[in-house]
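Colleague: Need a 3D model of the sequence below.
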Amino acid sequence: MASRGHLVLAFVAALLLSGCAVDDRDMVTDADASFKKECPYPGHKHCPPEPPPEPPPGPVEPDFPGAAFDALRGPLRMALTPAGRLLVSDSRARKIFTVDPTTRLPDGEVTMDGKPTAIAYLDDVVYVGNPSRGTIEKYDADGGGFAGDFGSGAVAHAMDMAVDGGAGLLFVVDGGDRNVKVFDGAGQLQSTISGPGIALGEFANPIGIAVNDSLQEVYVTDYGPDADPANIKIFQYDGTFVAEISGAGSCGMLGCSGGFSRPQGISVAPDGRLFVADAMLAGVLVFDRTTMKQTATLGGRDTGIPALRIPAGVVVSGDNVYVASNRTHSVEVFEGGAL
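Modeller: Residues are numbered from 1 along each chain as shown. Now for the predicted structure:
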């Protein structure tokens, strides 16, 4: 009788003579390679893995579900999309909108659980302040889906936001804590600028914010019972106080002229000029950053065209200046106002 070792050797020899080498077998299915099945549909076990999707060639333009042309109820703050369209928060409608800058009508909307205030765009995400929940909420630019939130316990009342896209920083005016909080795009608190008080560089009632990324400066509008007069405070990114633009104006024998009392949203033009919406004056005040002097007024209570009622938000886009007019339920434009 043949030994067990002889039987194994005979079996291996038979395999080699038959031409069926072990190396011909599919290592994934452990089947003869000649019997491999065709890929019936992507994702099937016999199909190769799908390659990862190509990243978008540029920033994703916010694309929200459609909105009615008369959907605006109380526009508050504004920001620009990568393509120059407008993002608008509306606390009365409890929605955020995309607005066509040509028609100045909403063409997309997302409903929120709360009253949105601050709004900003950074890295394909729309950030919205929600004081009703004490958080900053994130919405996907593509479709407007809720993408999470942050700031709970860190942001008492988000009044306004500004971004430095290159640095990936989000600057939030906290009206409750009376300071400016600086976050990264993931919602991690990086630093805090200033705080409540009546000393130089402290906040009475901070409202609006803008940043100049080339100068790394932060501009915050401020007024309140402890701020006499209203002002615009200027800080460096690291929190160092730089200067203040006073809203006192000038007074003489014939009365007072100039000045401001209820500054709201603020925007920085490419040349560094500051555009400030003033709710009381029903206009937009323009300041030279170098001299810190007022150089122009857009609109106004008596002669302003278009008419503004409680202008709350402002953005400069190209040659035009867009304003969220809260009580006319509209977005208005001063064509050529930035020239």
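
Colleague: For residue 87, what is the enclosing helix or strand?
Modeller: Secondary-structure assignment from DSSP states H and E places residue 87 in strand 86-90.

Colleague: could I get that strand in PDB with only the CA atoms?
Modeller: The C-alpha trace of strand 86-90 is given here as PDB (Å, rounded to 0.1, in the frame of the first residue of the first chain):
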ATOM      1  CA  LEU A  86     -26.400  87.800  -1.900                       C
ATOM      2  CA  LEU A  87     -26.900  85.700   1.200                       C
ATOM      3  CA  VAL A  88     -29.600  87.400   3.500                       C
ATOM      4  CA  SER A  89     -30.700  86.400   7.000                       C
ATOM      5  CA  ASP A  90     -34.400  87.200   7.800                       C
END
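
Colleague: Now do the buried residues in it.
Modeller: Of the residues in strand 86-90, those buried under the neighbour-count criterion (16 or more other Cβ atoms under 10 Å) are 86-90. Quick note: C-beta positions are derived from backbone N, CA and C, even for glycine.

Colleague: how about those residues in a markdown table, adding distance to residue 181 and pLDDT?
Modeller: Compiled in a markdown table, these are given as follows (distance: Cβ to Cβ, whole Å; pLDDT from 0 to 100):
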| residue | distance to residue 181 | pLDDT |
| --- | --- | --- |
| 86 | 25 | 98 |
| 87 | 20 | 98 |
| 88 | 23 | 98 |
| 89 | 18 | 98 |
| 90 | 23 | 98 |
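
Colleague: for these, which one is nearest residue 321?
Modeller: Compare each of the buried residues of strand 86-90 with residue 321 using Cβ to Cβ and the shortest gap goes to residue 86, at 11.8 Å.

Colleague: returning to what we had before: for the strand holding residue 87, what is the distance to the chain centroid?
Modeller: 10 Å (Cα atoms, centre = their mean, to the nearest Å).

Colleague: which other helices and strands contact it?
Modeller: strand 75-80, strand 95-99, strand 119-122, strand 125-130, strand 311-317 (3 or more Cβ pairs under 8 Å, 6 or more residues apart in numbering; DSSP states H and E).

Colleague: got the angle for that strand vs strand 311-317?
Modeller: Relative orientation of strand 86-90 versus strand 311-317 (axes from the mean of the first three to the mean of the last three Cα atoms, to 10 degrees): 170 degrees.

Colleague: Note down every partner strand of strand 86-90 and its orientation.
Modeller: Under the criterion DSSP bridges, strand 86-90 sits next to strand 75-80 (antiparallel), strand 95-99 (antiparallel) in its sheet.

Colleague: ok, residues contacting the shortest one?
Modeller: I take that to be strand 95-99. Contacts made with strand 95-99 from outside it, assessed by Cβ atoms under 8 Å, 6 or more residues apart in numbering, are listed as 62-64, 67, 71-72, 75, 81, 85-90, 105-112, 116, 119, 126, 128, 139, 331.

Colleague: now the helix or strand just after it: how far from the chain's centre is it?
Modeller: Next along the chain after strand 95-99, taking DSSP H and E as the criterion, comes strand 106-111. Centroid separation for strand 106-111 versus its chain: 15 Å, with Cα atoms, centre = their mean.

Colleague: What residues sit buried inside the helix or strand that contains residue 180?
Modeller: Counting by DSSP H and E, the secondary-structure element that holds residue 180 is strand 179-184. For strand 179-184, the neighbour count (16+ other Cβ under 10 Å) marks 179-183 as buried.

Colleague: likewise stretch 153-168?
Modeller: Within stretch 153-168, the residues that qualify as buried by neighbour count (16+ other Cβ under 10 Å) are 154-155, 157-164.

Colleague: Do a quick rundown of the strands in the stretch 101-250 of the chain.
Modeller: Per DSSP state E, counting those that start in this stretch, the stretch 101-250 of the chain carries strands over the ranges 106-111, 119-122, 125-130, 135-140, 146-150, 158-164, 169-174, 179-184, 189-193, 206-212, 217-224, 227-236, 241-246, 250-252.

Colleague: All good on my end, thank you.
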